[in-house]
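Engineer: what follows is a predicted protein model with its sequence.
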Amino acid sequence: MNGKAHKNIFIGGIIVSLVLLPSCRFFDMSSDKSEETKVSYSSVQDKKDDSVIAMTGDIIVTMNGKPVITSSVLEAEKENIFKSNPQIKAAVAFMDPKVLDRNLIDGLVSQVLVDEYVSEQGLDLSAEYQAELADAFKAIKRMLNAKFFSQKFQVAVTDSEASKFYEANKDSIPGLLMSQGGIVASGIQFDNEASAKDFIAKVKLANNNFARAAQQEGITGTIKDFKVVNSQSIGIDSVLRDKIVGIKTVPSVELILANGEIWVVNAVAKEAAKYRPFEQVKDSIKQELEKNKRGEMFEVEINKLRDKYSVVINEDYFKNGNAEGEFSEEDIEMTEPSGALVKNDFDHKSNDLA
């Protein structure tokens, strides 16, 4: 099998998986103030649902002699997938469109068959099914409410603000630090302090050429290359490591005592930490700072709405509970799947910068 075939199968598998995800299908979230909230899941063959895509164009798939997927349905589903998963659109940009459509059809056929079977067997009428569907609808609606509520806040982050944040936090944001830098060093371990000091004197006589002095003494083979030493270096005694990191002047030759060991260390240079260039991450940082600002505005607006809608919390209710059952704010984690309104936290998304 050639590379192109492998690629087509791989991408086809992704497409089929996406088609079978609930987020890639049609949800009809309608509510009637006079009745309980109703939820219906629309499949492409459900003719009773007005939200179903009109089956126009060429007939591609039939079931029991009736069309279930047409070219208009295929295009609409494909656009829906690309909209929900922009990275997939980029991944299939160089794929033969007909091959992509064929792979997508397999996924859609699978979904149509599942929809038909569930409907035919009445599985969607069970109490368990309806309960899970109602819970899913409630969670999705709450997330959408939070999303659209937050979008009404107009925020902007300047390049200057993003640059300031970058400089202040570049050591703590995962993915920004490319190389920690440190002291470029090597060393030789001696049996006693006197012989170590004698060697340092010979290095000075050799115009501070550490390698030449070691060669003259016939101890070149004992030189240990520490490479770049910093606070995160491993494979080196921690005391020795910290003393090398603490060397202020480079180049220099230092006598270092560490946990009973005697070292003569040749500190060659000091390398600065290297970070991913600001221009590469500027847009991501601005997006996260915008979310932070929107989160702050979110809190302000929520407090205003508390006053507007006269929200009153019976705090006494929480004072009468068992002390062992009390929770602090730190103990309570609000997550999006539960439908709770949560604001974005920079640390939560910092890996996007990587």
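Structural biologist: Okay, I see it. Numbers count the residues shown, from 1 in each chain.
Engineer: nearest residue to residue 209 other than its sequence neighbours?
Structural biologist: residue 203 (7.1 Å; CB to CB, 6 or more residues apart in numbering). Where C-beta positions appear, they are placed from N, C-alpha and C, glycine not excepted.
Engineer: tell me the contacts of that neighbour?
Structural biologist: By CB atoms under 8 Å, 6 or more residues apart in numbering, the residues touching residue 203 are 209, 210, 213, 253, 264, 266.
Engineer: what's near enough to touch the nearest residue to the second one once chain neighbours are set aside?
Structural biologist: So that's residue 210. Sequence neighbours aside, residue 266 is the residue nearest to residue 210 in space, at 3.9 Å (criterion: CB to CB, 6+ apart). By CB under 8 Å, 6+ apart, residue 266 lies in contact with 185, 186, 187, 203, 210, 251, 253.
Engineer: now the helix ranked longest in the chain: average pLDDT?
Structural biologist: Longest helix in the chain by number of residues (criterion: DSSP state H): helix 278-308. Helix 278-308 shows a mean pLDDT of 91.
Engineer: most distant residue from the middle of this structure?
Structural biologist: residue 205 (55.8 Å; CA atoms, centre = their mean).
Engineer: would you mind measuring from it to residue 216?
Structural biologist: Residue 205 sits 9 Å away from residue 216, taking CB to CB, to the nearest Å as the criterion.
Engineer: how far away is the residue nearest to residue 210 from residue 250?
Structural biologist: 10 Å.
Engineer: also residue 306?
Structural biologist: Residue 306 is 59 Å from residue 250, by CB to CB.
Engineer: now find how far off-centre the helix or strand where the residue nearest to residue 210 lies is within its chain.
Structural biologist: Using DSSP states H and E, residue 266 maps to strand 261-271. In this view, strand 261-271 has its centroid 39 Å away from the chain centroid, taken as CA atoms, centre = their mean, to the nearest Å.
Engineer: now the contacts of residue 266 in a markdown table, with pLDDT and secondary structure?
Structural biologist: Below are the contacts of residue 266 laid out as a markdown table (pLDDT from 0 to 100; DSSP: H, G, I helix; E, B strand; the rest coil):
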| residue | pLDDT | secondary structure |
| --- | --- | --- |
| 185 | 96 | strand |
| 186 | 96 | strand |
| 187 | 97 | strand |
| 203 | 95 | helix |
| 210 | 96 | helix |
| 251 | 94 | coil |
| 253 | 95 | strand |
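Engineer: filter those residues down to the buried ones.
Structural biologist: Neighbour-count burial (16 or more other CB atoms under 10 Å) applied to the contacts of residue 266 gives 185, 186, 187, 203, 210, 253.
Engineer: tell me which other helices or strands the longest helix of the chain touches.
Structural biologist: helix 127-151, helix 159-169, helix 346-349 (3 or more CB pairs under 8 Å, 6 or more residues apart in numbering; DSSP states H and E).
Engineer: in a markdown table, list those helices along with distance to residue 80, mean pLDDT and mean neighbour count.
Structural biologist: Listed next are these as a markdown table, based on distance: least, CB to CB, whole Å; pLDDT from 0 to 100; neighbours: other CB atoms under 10 Å:
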| stretch | distance to residue 80 | mean pLDDT | mean neighbour count |
| --- | --- | --- | --- |
| helix 127-151 | 15 | 95 | 13 |
| helix 159-169 | 33 | 93 | 14 |
| helix 346-349 | 25 | 44 | 13 |
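Engineer: rebuild these as TSV, extending it with distance to residue 69.
Structural biologist: Formatted as TSV, the helices and strands packed on helix 278-308 follow (distance: least, CB to CB, whole Å):
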stretch	distance to residue 69
helix 127-151	24
helix 159-169	46
helix 346-349	37
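Engineer: okay, now residue 291: neighbour count?
Structural biologist: Neighbours of residue 291 under the rule other CB atoms under 10 Å: 20.
Engineer: again with residue 198
Structural biologist: The burial count for residue 198: 13, using other CB under 10 Å.
Engineer: need the pLDDT of residue 326.
Structural biologist: pLDDT at residue 326 comes out at 51.
Engineer: next one: the one 4 residues further on
Structural biologist: At residue 330, the model reports a pLDDT of 50.
Engineer: go on, residue 117?
Structural biologist: pLDDT, residue 117: 94.
Engineer: same thing with residue 55?
Structural biologist: 77.
Engineer: ok, now how distant is it from residue 204?
Structural biologist: 89 Å.
Engineer: those two: which is more packed in?
Structural biologist: With neighbours defined as other CB under 10 Å, residue 55 and residue 204 compare such that residue 55 has more, 18 against 11.
Engineer: so the nearest residue to the more buried one once chain neighbours are set aside versus residue 307, what's the distance?
Structural biologist: Leaving aside its sequence neighbours, residue 55 sits nearest to residue 70 (CB to CB, 6+ apart; 4.4 Å). Taking CB to CB as the measure, residue 70 falls 53 Å from residue 307.
Engineer: neighbour-wise, which of the two wins?
Structural biologist: Neighbour totals were compared for residue 70 and residue 307, and residue 70 leads with 20 against 8 (other CB under 10 Å).
Engineer: need the contact list for that one.
Structural biologist: 55, 56, 57, 58, 59, 60.
Engineer: how close does it get to residue 57?
Structural biologist: 5 Å.
Engineer: and what of residue 91?
Structural biologist: In terms of CB to CB, residue 91 sits 26 Å off from residue 57.
Engineer: higher neighbour count, the two?
Structural biologist: A count of neighbours by other CB under 10 Å puts residue 91 above the other of residue 91 and residue 57, at 15 against 12.
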